[in-house]
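Participant: model the structure of this input:
(chains A and B)
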Amino acid sequence: MRLRTFVIALAVLAVAGGAAFHVLTLPAVAVKGELPPRPADLANGETMFNIGGCASCHATPGQEDGRRLGGGLALATAFGTFVVPNISSDPQHGIGAWSEQSFVNAMLRGVGRNGEHLYPAFPYTSYQRMALDDVRDLFAFLKTLPAETTPSAPHRLSFPFTLRRGIGLWKLINLDGRAFAPDPAKSAPLNRGAYLVNGPGHCAECHSARDILGAIVAKRRFAGGPALEGKGWVPNITPHADGIGAWSENDIAYFLEVGLTPSFASVGSAMAGVVLNTAKLSADDRAAMAVYLKTLPPRPGKAPPRKS
Amino acid sequence: MLRVVAVLAALAVGATAVYAQNAGAIAQRQATMKEFAEATKVVGPMMKGEVPFDLAKVQASLKVIETTAIKGKSVFPDDSKVGDTYALPAAFENKADLFARFDKLAAEAKAAQASMKDEASFKASMGKLISGNCISCHKQYQKPSQ
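Facilitator: Now for the predicted structure:
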């Protein structure tokens, strides 16, 4: 009798646990039905493309045209190797046949076209801050880019990261779905800079330390950290002596335009690709990002000494 | 036995020749990159608006960039691939592309000496000259500094 009660209790718990997991990990979308028609602003879409850094990951490797978005770049991380998908306008291999709301849900909620969770290697934790119209303009702009016929390759991950449904639990902690809200007490450039840096620019995704679950540590946001790939260190970009405390707003804007530090050293590595994107932004947008970065709380954090 | 020793010695000499790297060429390459940096140190503060625009200095810097870009093609000998260098092996494996980039930079720096006539034309195109040449090439062929 006692055993039977135990077994029943266990079964009930298992079912309840399974049901809870099922409910908690249901992919939630931002937009359910079709969006009302709206004329797209392609110039704004191009700005979002450049600040969003789409080309840095999705451009076909081995060639330099950032507008050929055939994917295929392999990102070797602690969780496994993510293979960047084709997001060109090709209807079969890219996003040419995607609906606008599917694209919006991918950008703002990390939900794929078939309602599945997308891996957060795609930085939707930052993109969720974007304005809906900016995402729609970006989609319209992407559709004007060439179709690439390279099929997307599967990610090479190890268990348990192969279970997409588990991302739903991760999202409970890391995705609040709140769009950027400008602070009326702050200047327009400061709000614009905050939006570009935290939303489409997704600067914190690389320039922060993460915990073992891959979530950004709030107190280390923008203070630099180990590179997600390889052995490098991503620099601190807060106005602390360990970061860019000695840089003027002008220095930051100039860096984002030409890729030279205040000592005129040239940027390399992944940031070189970022600068090739920010070089295409307006001078006002680069200046706005600089204004905002100088207002960040100064946080310590510098690269550990190199081991030789 | 003597023959074996002789063969081994010859192999060792050969191997040394393969692995001995041209430290002089690496130093020369770094000095060449430094010349680019010195030229950008002249134009950079003008771009930032920290010093007044000076057309003569801009043109002199562009001339330095042009001649340095031509020189760039002579500072990547194959025996300077390994050693204390920031150049990636890819730079030596894709020399046709690397040299085409130096040619492009030299041509653009030369054209800019004529086309940059005032502060407005300077500010409109100097940034693209630097990011479109220096940064795009470093992205391909320079090791990350950390």
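Participant: list the contacts for residue 105?
Facilitator: Reading this off chain A. With contact set as CB atoms under 8 Å, 6 or more residues apart in numbering or on different chains, residue A:105 has these partners: A:29-31, A:111. Quick note: C-beta positions are derived from backbone N, CA and C, even for glycine.
Participant: my question was about chain B
Facilitator: Residue B:105 touches B:65-66, B:69, B:72, B:133-134, B:137, counting by CB under 8 Å, 6+ apart.
Participant: restrict these to contacts with chain A.
Facilitator: Within the set of those, contact with chain A (CB under 8 Å from any CB of the partner chain) is found for residue B:134.
Participant: those helices in chain B, which residues are they?
Facilitator: B:2-19, B:23-48, B:55-72, B:89-93, B:95-115, B:119-129, B:136-141 (DSSP state H).
Participant: where among those helices is average confidence lowest?
Facilitator: For the helices of chain B, mean pLDDT drops lowest on helix B:2-19, to a mean of 54.
Participant: what residues go with each domain of chain A?
Facilitator: Domain segmentation of chain A under automatic domain parsing yields A:28-174, A:188-293.
Participant: close to chain B, is the shortest one?
Facilitator: In this case it means domain A:188-293. Yes. Under the criterion of CB under 8 Å from any CB, chain B is reached by domain A:188-293 at A:232-233, A:250-251, A:254, A:257-260, A:264-270, A:272-273, A:275-276, A:279.
Participant: and these, which are buried?
Facilitator: A:233, A:250-251, A:254, A:257-260, A:264, A:266-270, A:272-273, A:275-276, A:279 (16 or more other CB atoms under 10 Å in any protein chain shown).
Participant: how far does stretch B:72-88 sit from the chain's center?
Facilitator: For stretch B:72-88, the gap between its own C-alpha mean and the chain's C-alpha mean amounts to 10 Å (CA atoms, centre = their mean, to the nearest Å).
Participant: again, but for stretch B:132-144
Facilitator: 10 Å.
Participant: ok, and the closest non-adjacent residue to residue 25?
Facilitator: Going with chain A. Counting by CB to CB, 6 or more residues apart in numbering or on different chains, residue A:168 is the residue found nearest to residue A:25 once chain neighbours are left out, at 2.7 Å.
Participant: should've been chain B
Facilitator: Nearest to residue B:25 is residue B:80, by CB to CB, 6+ apart, at 3.7 Å.
Participant: surely that neighbour meets residue B:32?
Facilitator: No. With contact defined as CB atoms under 8 Å, residue B:80 does not reach residue B:32; the gap is 11.7 Å.
Participant: who has more neighbours, the two?
Facilitator: residue B:80 (21 against 17; other CB atoms under 10 Å in any protein chain shown).
Participant: quick revisit: would you mind giving the helices of chain B as JSON lines with distance to residue A:182 added?
Facilitator: Conversion of the helices of chain B to JSON lines gives the following (distance: least, CB to CB, whole Å):
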{"stretch": "helix B:2-19", "distance to residue A:182": "60"}
{"stretch": "helix B:23-48", "distance to residue A:182": "28"}
{"stretch": "helix B:55-72", "distance to residue A:182": "39"}
{"stretch": "helix B:89-93", "distance to residue A:182": "44"}
{"stretch": "helix B:95-115", "distance to residue A:182": "39"}
{"stretch": "helix B:119-129", "distance to residue A:182": "28"}
{"stretch": "helix B:136-141", "distance to residue A:182": "34"}
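Participant: so which of those helices is nearest residue A:18?
Facilitator: Ranking the helices of chain B by their distance to residue A:18 (criterion: CB to CB) puts helix B:136-141 first, at 48.1 Å.
Participant: by contact count, what packs against that closest one?
Facilitator: Secondary-structure packing of helix B:136-141 (3 or more CB pairs under 8 Å, 6 or more residues apart in numbering or on different chains; DSSP states H and E): helix A:269-278, helix B:89-93, helix B:95-115.
Participant: chain A contacts on chain B?
Facilitator: By the rule CB under 8 Å from any CB, the part of chain B lying against chain A is B:37, B:40-41, B:44, B:47-50, B:86, B:126-128, B:130-132, B:134-136, B:138-140, B:142-146.
Participant: for residue 60, which non-adjacent residue is spatially closest?
Facilitator: All of this refers to chain A. residue A:70 (3.8 Å).
Participant: try chain B instead
Facilitator: residue B:42 (7.6 Å).
Participant: from memory the one you found sits against residue B:61, does it?
Facilitator: Yes. Between residue B:42 and residue B:61 there is a contact under CB under 8 Å: 4.6 Å.
Participant: more neighbours: the two, which one.
Facilitator: residue B:61 (24 against 17).
Participant: can you pull the contacts of that one?
Facilitator: Residue B:61 neighbours (CB under 8 Å, 6+ apart): B:39-40, B:42-43.
Participant: swap the cut-off to 6 Å and go again
Facilitator: B:39, B:42-43 (CB atoms under 6 Å, 6 or more residues apart in numbering or on different chains).
Participant: list the contacts of the closest residue to residue A:224 other than its chain neighbours.
Facilitator: Nearest-residue entry for residue A:224: residue A:236, 3.6 Å, with adjacent residues in sequence omitted and distances by CB to CB, 6+ apart. Applying CB under 6 Å, 6+ apart to residue A:236 gives the contacts A:223-224, A:242-243, A:301.
Participant: report how many residues lie close to residue A:32.
Facilitator: 7.
Participant: quick one: what helix or strand has the residue lying closest to it once chain neighbours are set aside in it?
Facilitator: The shortest distance from residue A:32 to any residue that is not its chain neighbour, by CB to CB, 6+ apart, is 7.4 Å, and that residue is residue A:101. Using DSSP states H and E, residue A:101 sits within helix A:100-109.
Participant: repeat that for residue A:241.
Facilitator: Secondary structure (DSSP H and E) places residue A:241 outside all helices and strands.
Participant: tell me if I'm right that residue B:70 and residue B:106 touch.
Facilitator: Yes. Using CB atoms under 6 Å, residue B:70 is in contact with residue B:106, at 5.2 Å.
Participant: neighbour count: those two, which is higher?
Facilitator: Set side by side, residue B:70 and residue B:106 show more neighbours around residue B:106, with 20 against 14, by other CB under 10 Å.
Participant: now for the residue nearest to that one when sequence neighbours are not counted: which residues touch it?
Facilitator: Nearest residue to residue B:106, sequence neighbours excluded (CB to CB, 6+ apart): residue B:69, at 3.9 Å. Neighbouring residues of residue B:69 by CB under 6 Å, 6+ apart: B:102, B:105-106.
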